[in-house]
Each structure stands twice: as structure tokens, then as C-alpha cells.
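[1] compute the structure for the input listed below.
(2 chains)
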Amino acid sequence: DIQLTQSPSFLSASVGDRVTITCRASQGIRSHLAWYQQKPGKAPNLLIYAASSLQSGVPSRFSGSGSGTEFTLTVSSLQPEDFATYYCQQLSSYPITFGQGTRLEIK
Amino acid sequence: EVHLLESGGDLIQPGGSLRLSCAGSGFTFSAFAMVWVRQAPGRGLEWVSAIATDHDTNYADSVKGRFTISRDNSKNMLYLQMNSLRAEDSAVYYCAKYTGRAASGSQRVYYFDYWGQGTLVTVSS
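    Down below sits the predicted model:
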């Protein structure tokens, strides 16, 4: 199985900050990586697919990069609604796996 | 507008069985793979099962042999039959639309683009 390790697991930041979350895969997954945002009590919401493609309707302050085994999600200028938990996901092979999540909180 | 609505979650005793349903609308249901993803209280996301358009299925090791995914394209319905339930199966279960499509060149891209609101399964005596 392909393991995904996100860092950090917890991040405290302020509105307007630029933040980056890293996701490392235990083996190469080309660009078959997605990022999701989840708010408490809600279903996950797709932000980025194919490592760097922005899902329709997602603000352009979100961006993704990487390929192979190392990926990043960047939020260029945090807004109040961005404080949530973020998950990476690999869809290169079954079983599909998620990272453990990064909780982003307001400083 | 794409809409997915899960149902069937309940409190069930260990060893029991439960069937979850997911009704899809706003898209050509038969043209897309579908998945179940679960989230235990306070925990992360765990992929459970997938069913392709040709009804080919895949399962997480944690549920293989106990859970069965199926679909009825005539009713735009996705199902998850869960048998021999354990306490560790307690979670919110989400269904999601699984898109796999051609991108630039020979690349294909994959993602879960729409999710239901989830249904809670609690396994406890």
C-alpha cells in the first residue's frame, strides 16, 4: 500500500499568511494526487487534482505542486474561511489512501 | 447540480449487518465510478470501496470479505452491504463520485469531485 505522510499535522497561522503543507508518498505516484479541505461536520471538498489542477470554483489562492513522491499545497493569503483540516490523497493505485490530515487553526 | 444523499446509518450491535444507500442525481450516474469513504469520530479519512462503471470492485483490506459494494444504474443508486460489523467500523460513511477522465496528452486524471453529507454508523452493544 502507498503511505502518505503530511507535514505538519498541525499548523497555527494568521489571516493573510502564506502557508504550505507537504505530502510525501512512500513510492512514486506520478501526479495522481488530490487535496481536500474539510470543515467540522461537513464532507470533504476537492481543492486540487492531478497535483496542480485547481478544481472549478476553488479560489486561486490555493495552489498545488509536485510529482513523484513529494507534493505541496499552498494557500497564498489565508482567509478566515480557510481554517479547516486538509488531506492529501493518492489515486495512483488501489487501495486509494489519504494522508493523516493537517489541521490549520487561527493563531 | 450534482447531489448525493446517503441513508441507512444506524446503531447496530457487533456482528450485525447493515446496508447503506446513496442516491445520485444531477449527473449521468452510469458513466462514473463511485466510492465509499469513512471517517471514524475525530479521525481522518479512510477509503473503503470503489465500483467502476463495469461493476468491477475494489476494497480496503480492513473490510474485504465483510463489505460488498454494488450499484443499480436504473435507479441511480449505490449500496454498501456491511456484514460482521465491528466496533472499529463505527464512522460517518460518505459516498462520492469518482471521476477519471482524459487530460492533456495521454494523461488521465482522477479525483472524488462530489460527496454526500454522510450517514453515521455506530457499532456498539
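[2] would you list the phi and psi of residue 68?
    I'll assume chain A. Main-chain dihedrals, A:G68, degrees, to the nearest 10: phi 80, psi -100.
[3] switch to chain B, that's the one I care about
    Note on B:T68: its backbone torsions stand at phi -130, psi 120 [degrees, to the nearest 10].
[4] how about A:G66?
    A:G66 adopts backbone torsions of phi 120, psi 170, taken as degrees, to the nearest 10.
[5] what's the closest non-adjacent residue to the spatially most central residue of chain B?
    Centroid-nearest residue in chain B, with CA atoms, centre = their mean: B:W36, separated by 1.8 Å. Nearest residue to B:W36, sequence neighbours excluded (CB to CB, 6 or more residues apart in numbering or on different chains): B:V48, at 4.2 Å. Yep, even glycine has a C-beta here, placed from its N, CA and C like the rest.
[6] ok so, going back, and the one helix or strand the residue nearest to the centre of chain B maps to, what does it pack against?
    Remark: B:W36 resides in strand B:33-39, with elements defined by DSSP states H and E. Contact here means 3 or more CB pairs under 8 Å, 6 or more residues apart in numbering or on different chains; DSSP states H and E; on that basis strand B:33-39 packs against strand B:18-25, strand B:45-51, strand B:67-72, strand B:77-82, strand B:91-102, strand B:108-115.
[7] separation between A:I106 and B:S90?
    Going from A:I106 to B:S90 by CB to CB, to the nearest Å gives 30 Å.
[8] more neighbours, the two?
    Between A:I106 and B:S90, counted using other CB atoms under 10 Å in any protein chain shown, the more crowded position is B:S90 (17 against 11).
[9] that one against B:V123, yeah?
    Yes - the pair B:S90 / B:V123 is scored as a contact, 4.9 Å apart, by CB atoms under 8 Å.
[10] look up how far B:S124 lies from B:G16.
    Distance, B:G16 to B:S124, using CB to CB: 10 Å.
[11] more neighbours: which of these two?
    Between B:G16 and B:S124, counted using other CB under 10 Å, the more crowded position is B:G16 (14 against 10).
[12] what sits closest to that one if chain neighbours are left out?
    Per CB to CB, 6+ apart, closest to B:G16 is B:L85, 5.3 Å.
[13] got the phi and psi for that neighbour?
    For B:L85, the backbone dihedrals are phi -70, psi 150 (criterion: degrees, to the nearest 10).
[14] what number of residues lie near it?
    22.
[15] show me how far the strand holding B:W36 is from its chain's centre.
    Put simply, strand B:33-39 sits 3 Å off its chain's centre (CA atoms, centre = their mean, to the nearest Å).
[16] same question for stretch A:95-107.
    That offset, for stretch A:95-107, works out to 7 Å (CA atoms, centre = their mean).
[17] sheet-wise, list the partners of the strand holding B:W36 with their directions.
    Using DSSP bridges, strand B:33-39 pairs in its sheet with strand B:45-51 (antiparallel), strand B:91-102 (antiparallel).
[18] out of those strands, which one sits most buried?
    The highest mean neighbour count among those, using mean count of other CB atoms under 10 Å in any protein chain shown, belongs to strand B:45-51: a mean of 23.
[19] run through who's touching that one.
    Strand B:45-51 is contacted by residues A:36, A:38, A:44, A:87, A:89, A:94-98, A:101, B:33-40, B:57-60, B:62-63, B:67, B:69-71, B:78, B:80, B:91, B:93, B:98 when judged by CB atoms under 8 Å, 6 or more residues apart in numbering or on different chains.
[20] okay then, goodbye and thanks.
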